[in-house]
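S.K.: requesting a structural model of the entry that follows:
(3 chains)
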Amino acid sequence: MPEGHSVHRIARQFDRNFVGRLVGASSPQGRFTEGAAVLDGREATAAKAVGKQMFLGFDGDLWLRVHLGLYGAWDFAGEIQVDPTIASANGRMGQTNQRGTDLPDETVMDAAGENSLTSIGAPRRARVHVRMSEQTTGLPEEGEQWPPPVVGQVRLRLLTESTCADLRGPTACQLQTPEEMLATIAKLGPDPLVDDPAAGEERFVAVVRRKPTSIGLLLMDQNVVSGIGNVYRAELLFRARLNPHAPGREVPEELVRELWRDWTRLLAIGVETGQMMTMDDLSPQEWRAAMASRDDRHWVYHRAGLPCRVCGTHVVVEEMASRKLYWCPSCQA
DNA sequence: CATCGATGTTGAG
DNA sequence: TCAACCTCGATGG
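M.R.: This next block holds a predicted model:
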């Protein structure tokens, strides 16, 4: 589920559980054997997220660049300590989901196997998995294997004494020099969690306001703004009541600024909760009701043919640059 | 059990 | 503009 919020959460997990430790690296799948050999035995020194890209630093001025693409994923196992802000968010959100519904992208449980992260204090022994289908594996308890057995195609396994991270199906998994890493970042549009928000807003506004390209395409362009994907795009446009086909340079400046500020808002919520909460103005009761139905968690995303939650008009779906674009032709006229 | 589709990007043509 | 990349849950027979 990799839009920007997921990548920032993953970087936090690495920061907390790998940075400052010696890391063993391997490529069980065999498609990153050379790179893993270079990393093997080094100390992790930093974890950064910019948009949908994550950079993991190692001693010797070496960076691992990972882009999860459409279906990549990190699976964490072992004694994973959870970022307090994430833990508190999960505790507040609860774990009431069933199979097939959205979960926060990390499922967190304590050593007793219970969801008890309502406390915001000292980090506790916990386990983390990106996929809920693997909730049955867990801490290296007596009789359990360590390191965990490799399941399926694992491009890269990073292992400390007590933590394990498996990378599957990434679009990019590459070693970089510091210069290469900076060059990669330099090509990306602003990320509200990386760049100074005001400066990021100015960069975003300046670019959008001179492009003839549709705002629907600009929001998805990682060189214009970092981290927005197909879900956030549709939802941001709806929240702004903006026609996706409007050329960037014809969108009123104040509306462009509002788009950036709203992205800043949604990204922060997404990082905090692990969910793409785009109807954050709903009351708790409304939110629970919305969450109960798979197609009611967003304003328009994945709601083709269903009535708009605001005006009742049928939400339409169309192809834009070979991605599905959902919008309300009435609210976003 | 086979097929499809997905919160994405790259590069060939 | 579109296939390829490469993974897996959802869907249908």
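S.K.: low-confidence ranges in chain A?
M.R.: A:1, A:84-143, A:290-296 (pLDDT under 70).
S.K.: again, only using 50
M.R.: Under the criterion pLDDT under 50, the flagged ranges of chain A are A:87-138.
S.K.: any residue of the helix or strand that contains A:Tyr326 up close to DNA strand C?
M.R.: Taking DSSP states H and E as the definition, A:Tyr326 sits inside strand A:323-327. No: applying Cβ under 7 Å from any atom of the strand, one finds strand A:323-327 separated from DNA strand C by no less than 10.1 Å. Yep, even glycine has a C-beta here, placed from its N, CA and C like the rest.
S.K.: report the buried residues of that strand.
M.R.: Buried residues in strand A:323-327, counted by 16 or more other Cβ atoms under 10 Å: A:325-327.
S.K.: neighbours of the closest residue to A:Trp287 other than its chain neighbours, just the number please.
M.R.: In space, not counting the residues next to it along the chain, A:Trp287 is nearest to A:Met279; the distance is 7.0 Å by Cβ to Cβ, 6 or more residues apart in numbering. Using other Cβ atoms under 10 Å, A:Met279 has 17 neighbouring residues.
S.K.: and A:Met279, what does it touch?
M.R.: A:286-287, A:290, A:297-299 (Cβ atoms under 8 Å, 6 or more residues apart in numbering).
S.K.: residue of the stretch 201-333 of chain A nearest DNA strand C, please.
M.R.: When Cβ to the nearest atom of the strand is the measure, the stretch 201-333 of chain A has its nearest residue to DNA strand C at A:Ser322, with 5.2 Å between them.
S.K.: count of residues packed around that residue?
M.R.: A:Ser322 sits with 5 neighbouring residues when counted by other Cβ under 10 Å.
S.K.: may I ask you to name the longest helix in chain A?
M.R.: With secondary structure taken from DSSP state H, chain A has its longest helix at helix A:253-273.
S.K.: now that one: buried residues?
M.R.: Residues of helix A:253-273 classed as buried under the neighbour-count rule (16+ other Cβ under 10 Å) are A:256-260, A:262-264, A:266-267, A:269-273.
S.K.: indicate the residue of the stretch 201-333 of chain A located nearest to DNA strand B.
M.R.: Nearest to DNA strand B in the stretch 201-333 of chain A, going by Cβ to the nearest atom of the strand, is A:Gly229, at a distance of 2.0 Å.
S.K.: tally of neighbours for that residue?
M.R.: Here the neighbour count serves as a burial measure; for A:Gly229 (other Cβ under 10 Å) it reads 21.
S.K.: and it, backbone torsions?
M.R.: Dihedral pair for A:Gly229: phi -120, psi -160, per degrees, to the nearest 10.
S.K.: how much space between it and A:Gln153?
M.R.: Shown here: A:Gly229 relative to A:Gln153, a distance of 23 Å by Cβ to Cβ, to the nearest Å.
S.K.: before we move on, what about A:Pro252?
M.R.: Going from A:Pro252 to A:Gln153 by Cβ to Cβ gives 48 Å.
S.K.: now A:Arg257
M.R.: Per Cβ to Cβ, A:Arg257 is found 43 Å from A:Gln153.
S.K.: can you tell me the closest non-neighbouring residue to A:Arg209?
M.R.: Nearest in space to A:Arg209, with sequence neighbours left out and distances taken as Cβ to Cβ, 6+ apart, is A:Arg249 at 5.6 Å.
S.K.: surely that neighbour forms part of a strand?
M.R.: No: according to DSSP: H, G, I helix; E, B strand; the rest coil, A:Arg249 belongs to no strand; its state is helix.
S.K.: count the residues that sit near it.
M.R.: Under the neighbour criterion other Cβ under 10 Å, A:Arg249 is assigned a count of 15.
S.K.: hmm, it is touching A:Ala206, no?
M.R.: No: proximity of A:Arg249 to A:Ala206 does not meet the contact threshold set by Cβ atoms under 8 Å, at 10.9 Å.
S.K.: neighbours around A:Gly35, how many?
M.R.: Applying the criterion other Cβ under 10 Å, we find 18 residues in the vicinity of A:Gly35.
S.K.: the helix or strand in which A:Glu202 is found: how far from the chain's middle?
M.R.: In the assignment (DSSP H and E), A:Glu202 maps to helix A:197-208. The chain centre lies 22 Å from the centre of helix A:197-208; the measure is Cα atoms, centre = their mean, to the nearest Å.
S.K.: again with stretch A:58-72
M.R.: With Cα atoms, centre = their mean as the basis, the distance from the averaged C-alpha position of stretch A:58-72 to the chain average is 15 Å.
S.K.: likewise for stretch A:27-40?
M.R.: Here the centre of mass of C-alpha atoms in stretch A:27-40, compared against the chain's by Cα atoms, centre = their mean, lies 25 Å away.
S.K.: in this structure A:Asp15 contacts A:Ala47, no?
M.R.: Yes: A:Asp15 sits in contact with A:Ala47 when judged by Cβ under 8 Å, with a separation of 4.3 Å.
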